[in-house]
Structures are given as structure tokens and as C-alpha cells.
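> Have a look at this fold, sequence not included:
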């Protein structure tokens, strides 16, 4: 229920942001334009919020282990499917080729998480640094795909920095949980979740600005 409420609030916030602050907002928007924006923000907000939720479920289950080893595997499977769903949102506007590239890169990040989380649990700084570097390299690849698709509104360096910031927030939440500081992990995860909503706004606004005719 809490995850559902967060998703709903994130979507509502995103819709308000577009209406009040969106750079591509027209003075008068037709009902069809309203529907198009609502569909975009709902799809983008839902899939990225689900990704944040599954990520939390994955690293908590993986770090706790114990009598329920299948919990982490189930969360990882949900994450993998979710990455395809995120790619499908972009594919609607940029084509299946770009959408598939995005899904593939995001899926690679799920695989990297399978190295990063155990490294955090073991306190292995070398392996944690290696996984982080590979994840950041994946962000560079993702930023290249996005900036190629929409160079005006997803510029490479800005996009890469936003993605890296999101990873840093996630890593703080993971390492705090691994170290037994559960209150800090919850706070860190909330910061990570809110930053995911910032990414939703960034991507959503960029798409609206790139294809204004679709949102009139």
C-alpha cells in the first residue's frame, strides 16, 4: 500500500510539475493533449517508481538472506522485466531500436547490482568500487543513447551526471543497510526514491519538449 501511495503521489507531482513549470506547456491544451501528457507521465512515473521499489526489495532480501533465499531472486526477476517496461515507454516516442537499447543497458545494471550488493554486505571496498565503476560506465552508455535520441533535451553530460547522482544515493542506502544503520538506510532510500522522481520529470519534460505536436 505504501509503495502504491508513493507511486500515485509521484505521478500527481509529475503532472503538476508539467502543468505549472513545463517548458513545452501551451497556453491552451486540448483534451487529447491532456490525455497524451497523462499517459506519458503515468507510464514514466509508474515504471521508474516500480524500479525503485523492486530495487529496495532486492537489496534488502539479498542482504538479509536467511531462510528466504528466493526473495532476492524474485525481486531481481521483477527488476529485469521492469527494465524492459521502461524501455517500452521510450520506444513509443523514439522507436523500438532505442527502446531496446535502453532496456538492455538497464538490464546490465541489474546484473551489476548482483555484484554491488554482496560487496556492500561483505564490506569489500575493492569489489564495491569495481561494481560502481561498471555501473557508471553503463550510465555513460545510457546517456549516449539518450543524447543521440534527443540531443537538445537529454544532453550527454547532464544526463550522465543525473544518473550517477541517482546511483550515489542508492549506494548510500545499500551500504547503510549493510552496516546495520537501518534508519539511515530508510532515509537514504527516500532520497533515492525522490531523485528517481526527478529523473521522471527530466525524461518526461524532455519528451514533451521534443514532440510538442503530440501533446497539443
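Ah, there it is. In this text, all values refer to a predicted model and were calculated from it rather than measured experimentally.

> Next, count neighbours for residue 70.
Neighbourhood size, residue 70 [other C-beta atoms under 10 Å]: 8. No exception for glycine: its C-beta is placed from N, CA and C like everyone else's.

> i'd like the first residue to be 32 from this point on
Shifting the count to begin at 32 puts that one at residue 101.

> helices or strands up against whichever helix or strand residue 194 is part of?
Using DSSP states H and E, residue 194 falls within helix 187-209. Counting contacts by 3 or more C-beta pairs under 8 Å, 6 or more residues apart in numbering; DSSP states H and E, helix 187-209 is packed against helix 62-95, helix 127-153, helix 156-180, helix 213-241.

> List the buried residues in it.
Neighbour-count burial for helix 187-209, counted by 16 or more other C-beta atoms under 10 Å, picks out 190-191, 193-194, 197-198, 200-209.

> Just the local confidence number for the residue nearest the centre of the chain, please.
Central residue of the chain (C-alpha atoms, centre = their mean): residue 79, 4.5 Å from the mean position. Looking at residue 79, its pLDDT is 98.

> Test my guess that it contacts residue 117.
Yes. Applying C-beta atoms under 8 Å, one finds residue 79 in contact with residue 117, separated by 6.7 Å.

> To residue 247, which of the helices and strands packed on helix 187-209 lies closest?
Among those, the nearest to residue 247 by C-beta to C-beta is helix 62-95 (4.7 Å).

> Just give the number of residues close to the nearest residue in space to residue 122 that is not next to it in sequence.
In space, and not counting its chain neighbours, residue 122 is closest to residue 130: 2.5 Å by C-beta to C-beta, 6 or more residues apart in numbering. Neighbour count of residue 130, defined by other C-beta under 10 Å: 21.

> how about the helices and strands packed on helix 187-209 in TSV, adding distance to residue 102?
Listed next are these as TSV, based on distance: least, C-beta to C-beta, whole Å:
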stretch	distance to residue 102
helix 62-95	4
helix 127-153	13
helix 156-180	21
helix 213-241	17
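
> Let me know the distance separating the closest residue to residue 149 other than its chain neighbours from residue 243.
Nearest residue to residue 149, sequence neighbours excluded (C-beta to C-beta, 6+ apart): residue 93, at 6.9 Å. As judged by C-beta to C-beta, to the nearest Å, residue 93 and residue 243 stand 43 Å apart.

> So these two - more neighbours on which side?
Neighbour tally, residue 93 and residue 243, criterion other C-beta under 10 Å: the higher count belongs to residue 93, 24 against 13.

> Can you name the residues that contact that one?
With contact taken as C-beta atoms under 8 Å, 6 or more residues apart in numbering, residue 93 is in contact with 103, 145, 148, 149, 152.

> Cool, thanks, talk later.
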